[in-house]
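**Student:** prediction below, plus the sequence it came from.
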Amino acid sequence: MKKYNFNAGPSILPREVIEQTAAACLDFDNSGLSLMEISHRAKNFQPVVDEAVALFKELLNIPEGYSVLFLGGGASLEFCMVPYNFLEKKAAYLNTGVWATKAEKEAKAFGEVVEVASSADKNFTYIPKNYEIPADADYLHITTNNTIYGTEIREDIDCPIPLIADMSSDIFSRPVDVSKYTMIYGGAQKNLAMAGLTFVIVKDEALGKVTRHIPTMLDYRTHVKKGSMFNTPPVVPIYSALMNLRYMKAHGGVEAMAKLAQERADILYAEIDRNKLFVGTAEKDSRSLMNITFVLKDEYKELEKDFLDFATSKGMVGVKGHRDVGGFRASCYNAMSIEGVQALVACMQEFEKMH
């Protein structure tokens with residue numbers, strides 16, 4: 001039976017990326033050594049990092065004056081590194097879910113934090129609008145996609161102060177005007193690579209402005225200066241990222257990924273809205289194209305386990321919703337095929353006929 005991977009993360013990767021990474025783990029660059037055991041300073045690995053950075057800049061059209069870093073620690077470490085490097089007196093945060101809440105909590109250890117808006121009042125089912133951004137804040141932090149609640153900011157907002165974004169789960173799913181951001185960061189295990197890698201896109205001139213002492217490893221300038229090689233980087237995930245960046249370029253780049261994302265979402269949301277058993281959880285104008293969340297209507301709630309078991313029996317993997325929302329979640333990252341979404345829709349339709 002063919003399996004379709006709807007896991008929220010670590011998530012689906014193109015099959016060829018998995019195979020290329022696996023092959024390099026057996027023999028990297030015909031060296032007779034595994035990718036897992038080579039030195040990150042080996043002459044034949046530096047080109048991997050260089051090409052990955054170059055493709056990052058090409059695919060996202062990153063302007064001059066920005067550095068691309070490959071770090072460890074996940075986006076959760078960035079929740080601390082961001083205020084360490086940018087918060088002098090006050091920071092502004094938009095609270096749209098669990099990860100935004102955690103980022104905001106970390107920042108409070110470094111200075112005053114203003115929550116410009118929150119959608120917690122409706123269990124994060126919408127993206128707040130028409131909020132006021134304090135002009136005297138050092139930066140505004142946003143989380144562009146909320147994996148748990150299925151909401152997403154799909155446009156680059158105009159911000160009068162430095163804008164910092166956690167794009168862990170929607171990077172490379174749409175064109176981004178990087179010039180509007182001081183920094184973009186995220187974990188790689190959704191749309192970029194296997195887990196274990198964090199990407200950072202940072203405006204060089206914005207660094208070094210805070211007066212506090214920053215520990216060496218937590219100072220972005222350390223990693224800019226050393227080209228992500230200050231300490232041993234996550235070699236295998238960086239290679240996996242390079243293979244996926246090549247894959248995206250060969251398949252039309254970010255513009256093509258955005259078109260596919262919209263097509264997948266349109267198919268699945270149309271079925272959710274049509275099907276008599278299901279209902280979407282996110283408000284329609286805030287719906288994510290990456291993480292599509294839905295539940296059974298109240299009168300069919302008792303069928304939740306039945307549908308999950310039925311979907312699993314049909315090859316749908318990872319469709320159980322997060323405990324904060326319940327129901328179901330179909331994560332449709334770049335590597336998810338239209339075929340996979342259509343298979344899930346067919347599964348929903350068959351289950352509807354049964355009940």
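**Tutor:** Nice, I can see it. Keep in mind it's a predicted model, so treat the numbers as computed, not measured.
**Student:** the helix or strand that contains residue 239 packs against which elements?
**Tutor:** Assigned by DSSP states H and E, residue 239 belongs to helix 235-250. In terms of contacts (3 or more C-beta pairs under 8 Å, 6 or more residues apart in numbering; DSSP states H and E), helix 235-250 is packed against helix 15-26, helix 46-59, helix 253-274. The way it works is simple: take the backbone N, C-alpha and C, and place the C-beta from them, glycine included.
**Student:** closest to residue 225 out of these?
**Tutor:** Smallest distance to residue 225 across these (C-beta to C-beta): 14.4 Å, for helix 46-59.
**Student:** and residue 202, helix, strand or coil?
**Tutor:** Classification of residue 202 using DSSP: H, G, I helix; E, B strand; the rest coil returns strand.
**Student:** I'd say it and residue 223 touch.
**Tutor:** No: using C-beta atoms under 8 Å, residue 202 is not in contact with residue 223; the gap is 9.0 Å.
**Student:** which residues are in contact with both of the two?
**Tutor:** Both residue 202 and residue 223 are contacted by residue 69, under the criterion C-beta atoms under 8 Å, 6 or more residues apart in numbering.
**Student:** re the thing from before, any chance of the helices and strands packed on helix 235-250 in CSV, with mean neighbour count and distance to residue 314 too?
**Tutor:** Formatted as CSV, the helices and strands packed on helix 235-250 follow (neighbours: other C-beta atoms under 10 Å; distance: least, C-beta to C-beta, whole Å):
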stretch, mean neighbour count, distance to residue 314
helix 15-26, 15, 20
helix 46-59, 17, 34
helix 253-274, 17, 15
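**Student:** please tabulate the ones you listed in a markdown table, including the columns mean pLDDT and distance to residue 96.
**Tutor:** Formatted as a markdown table, these follow (pLDDT from 0 to 100; distance: least, C-beta to C-beta, whole Å):
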| stretch | mean pLDDT | distance to residue 96 |
| --- | --- | --- |
| helix 15-26 | 98 | 30 |
| helix 46-59 | 98 | 25 |
| helix 253-274 | 98 | 18 |
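**Student:** using TSV, lay out these together with distance to residue 352.
**Tutor:** Shown next, in TSV, are the helices and strands packed on helix 235-250 (distance: least, C-beta to C-beta, whole Å):
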stretch	distance to residue 352
helix 15-26	31
helix 46-59	40
helix 253-274	9
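**Student:** between those, which one is closest to residue 123.
**Tutor:** helix 253-274 (17.7 Å).
**Student:** which residues touch the closest one?
**Tutor:** With contacts defined as C-beta under 8 Å, 6+ apart, helix 253-274 is touched by 59-60, 172-176, 248, 251-252, 278-280, 287-290, 292, 294, 330, 332, 334, 336, 338, 341-342, 344-345, 348-349.
**Student:** among these, which ones are buried?
**Tutor:** Burial by neighbour count, 16 or more other C-beta atoms under 10 Å: within the contacts of helix 253-274 this picks out 59-60, 172-174, 176, 248, 278, 280, 287-290, 292, 294, 330, 332, 334, 336, 341, 344-345, 348.
**Student:** now, which of the contacts of helix 253-274 lie within strands?
**Tutor:** Counted as lying in strands by DSSP state E, out of the contacts of helix 253-274, are 278, 279, 280, 292, 294, 330.
**Student:** quick check, nearest of those to residue 129?
**Tutor:** Minimum distance to residue 129 across the ones in strands among the contacts of helix 253-274 is 19.0 Å, recorded for residue 280 (C-beta to C-beta).
**Student:** show me the contacts for that closest one.
**Tutor:** 150, 269, 272, 273, 287, 292, 293, 294.
**Student:** that one pairs with what?
**Tutor:** residue 294 (DSSP bridges).
**Student:** for the stretch 101-250 of the chain, just list every one of the helices.
**Tutor:** Assigned by DSSP state H, counting those that start in this stretch, the helices in the stretch 101-250 of the chain fall at 220-225, 235-250.
**Student:** list the buried residues in the helix holding residue 239.
**Tutor:** Going by neighbour count (16+ other C-beta under 10 Å), the buried part of helix 235-250 is 235-248.
**Student:** in a markdown table: these, plus pLDDT and distance to residue 40.
**Tutor:** Converted to a markdown table, the buried residues of helix 235-250 look like this (pLDDT from 0 to 100; distance: C-beta to C-beta, whole Å):
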| residue | pLDDT | distance to residue 40 |
| --- | --- | --- |
| 235 | 97 | 5 |
| 236 | 98 | 11 |
| 237 | 98 | 12 |
| 238 | 98 | 9 |
| 239 | 98 | 11 |
| 240 | 98 | 15 |
| 241 | 98 | 14 |
| 242 | 98 | 14 |
| 243 | 98 | 17 |
| 244 | 98 | 19 |
| 245 | 98 | 18 |
| 246 | 98 | 20 |
| 247 | 98 | 23 |
| 248 | 98 | 24 |
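**Student:** ok, so of those residues, who is nearest residue 75?
**Tutor:** Taking C-beta to C-beta as the measure, residue 75 lies nearest residue 237 of the buried residues of helix 235-250, at 13.8 Å.
**Student:** residue 93 touches residue 106, doesn't it?
**Tutor:** No: counting by C-beta under 8 Å, residue 106 is not a contact partner of residue 93; they are 10.0 Å apart.
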